[in-house]
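Student: Take a look and give me a structure for this.
(one chain, ligands or ions: 1)
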Amino acid sequence: MKIGRYAGVTDTGRRRTRNEDALVVRPPLFAVADGMGGARAGEIAARLAAEALASARADVAGEDGVAALIEEANRRIWERSLADPATAGMGTTVTAALVDAAGGTVSFGHVGDSRAYRLRDGVLEQLSTDHSLVAELVESGVLTPEEAEHHPQRSAITRALGTDPAVEVAGFTVDAQLGDLFLLCSDGLSAMLGDDAIAEAIESAGRDPRAAGEALVAAANARGGEDNITVVLFELVEGDPESPPPPPANEPSHEPVTATLPEPATDVHTHGAGPGGRITSLALVAAVLVLGLLGLYWGISR
Ligand code: MG
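Tutor: Below you'll find the model as predicted:
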């Protein structure tokens, strides 16, 4: 087994003026990051995360190796935010995948609500668990999954990279089979498209990573494109795991691999979730109480 075709596509979407997502396409390592913070800080945080991952040594291995990369990325973002007050509170999600083609596994590390999926035999399976307010409310039975999809706080994350000196990385390893296709994405895709629509777009594109990536971005934009949309896809095919994977099928059609993204200018605008995008455990409890009170008020006022 070896890595076959792969592609990364990122798009600003239809509502935002800037793209604060970043991606890494450096087989056997792939990642997406979704930045948050004002004054372009989210863009900086996501780019720092992508650069830290892209600079990984060739011998990095396993979920512990991925977690160590993400922890290093966290340190770099945290230290930058201390050194540059304009970026205080900036953070980013990250979801990274490291393929061990010889071992037939893929190891993941993730923080936040960017997701990892595996498409096998036409069935899409979400591999990661969101670190988000609504995911926790669903887990604790406060919200149904359907309510979570439409909840106004659905983009609030409970864990972010760069907002604290240390971060807890969720790591896991899954088996890979010939023909598996893996997808990493920011919430600009998963908030717009359900699992069935994602699987359908990939299958309709003939499972070609580049065409599928373009189709997913187009579908998310067709449903509103309310956020930046980033997708990274790679497939596992028959072959010698030691042989290098092929070059990307086409040049990236939107933005290049993040490690080569230009340094952002320093103009001051505020976009995205801002520093408040991260919710602490205390705030989570408060949010549950407020939801309860709102429900009570709603009940009384009717
Ligand atoms: Mg987003």
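Student: C-alpha from now on. contacts and neighbour counts both.
Tutor: Noted.
Student: Next one: residue 169 from residue 217, what distance?
Tutor: 27 Å (Cα to Cα, to the nearest Å).
Student: Tell me which of the two has more neighbours.
Tutor: For the pair residue 169 and residue 217, the greater number of neighbours falls to residue 217 (26 against 23), based on other Cα atoms under 10 Å.
Student: Find the nearest non-adjacent residue to that one, please.
Tutor: residue 229 (6.4 Å; Cα to Cα, 6 or more residues apart in numbering).
Student: got a list of what that neighbour touches?
Tutor: Contact analysis of residue 229 by Cα atoms under 8 Å, 6 or more residues apart in numbering lists 10-13, 21, 185-189, 217, 220.
Student: let's see it at 10 Å
Tutor: 9-14, 19-22, 34, 185-192, 216-218, 220-221 (Cα atoms under 10 Å, 6 or more residues apart in numbering).
Student: taking those residues one by one, which sit in helices?
Tutor: 187-190, 216-218, 220-221 (DSSP state H).
Student: for these, which one is nearest residue 1?
Tutor: residue 216 (26.1 Å; Cα to Cα).
Student: which residues does that closest one contact?
Tutor: Counting by Cα under 10 Å, 6+ apart, residue 216 has contacts 9, 185, 189-190, 192-193, 197-202, 205, 210, 222, 229-231.
Student: ok, 7 Å please
Tutor: Residue 216 makes contact with 198, 201 under the criterion Cα atoms under 7 Å, 6 or more residues apart in numbering.
Student: Tell me how many other residues crowd residue 102.
Tutor: Other residues close to residue 102 by other Cα under 10 Å number 12.
Student: er, residue 103 I mean
Tutor: Neighbour tally, residue 103, other Cα under 10 Å: 11.
Student: and it, what element?
Tutor: Assigning secondary structure by DSSP states H and E places residue 103 outside every helix and strand.
Student: so residue 16 sits right up against residue 221, yeah?
Tutor: No: if you go by Cα atoms under 7 Å, residue 16 and residue 221 don't touch, sitting 11.6 Å apart.
Student: Which one of the two is surrounded by more residues?
Tutor: More crowded of residue 16 and residue 221, by other Cα under 10 Å: residue 221, with 23 against 15.
Student: Quick check: that one touching residue 15?
Tutor: No: using Cα under 7 Å, residue 221 makes no contact with residue 15, being 9.4 Å away.
Student: Residue 171: what's it in contact with?
Tutor: So, once contact is read as Cα under 7 Å, 6+ apart, residue 171 ends up touching 63, 67, 108-110.
Student: Skipping adjacent residues, who's closest to it in space?
Tutor: Closest residue to residue 171 apart from its sequence neighbours, by Cα to Cα, 6+ apart: residue 109 at 4.4 Å.
Student: Quick one: neighbours of the one you found, just the number.
Tutor: By other Cα under 10 Å, neighbour count at residue 109 equals 28.
Student: That one in helix, strand or coil?
Tutor: strand (DSSP: H, G, I helix; E, B strand; the rest coil).
Student: separation between it and the ion?
Tutor: 18 Å (Cα to the ion, to the nearest Å).
Student: Enumerate the beta-bridge partners assigned to that residue.
Tutor: Residues in a beta bridge with residue 109, per DSSP bridges, are residue 96, residue 171.
Student: Look at it and report its pLDDT.
Tutor: What the model reports as pLDDT for residue 109 is 98.
Student: pretty sure it contacts residue 98?
Tutor: No: Residue 109 is beyond contact range of residue 98, at 8.7 Å (criterion: Cα under 7 Å).
Student: any idea how far residue 127 lies from the ion?
Tutor: Distance from residue 127 to the ion, by Cα to the ion: 18 Å.
Student: What is the burial count for that residue?
Tutor: If we define neighbours as other Cα under 10 Å, then residue 127 has 17 of them.
Student: for the stretch 51-200 of the chain, what spans make up the strands?
Tutor: Shown for the stretch 51-200 of the chain, the strands assigned by DSSP state E, counting those that start in this stretch span residues 91-100, 105-111, 115-120, 123-126, 170-175, 181-185.
Student: Each with direction, which strands does the fourth one pair with?
Tutor: The pairing partners recorded for strand 123-126 under DSSP bridges are strand 115-120 (antiparallel).
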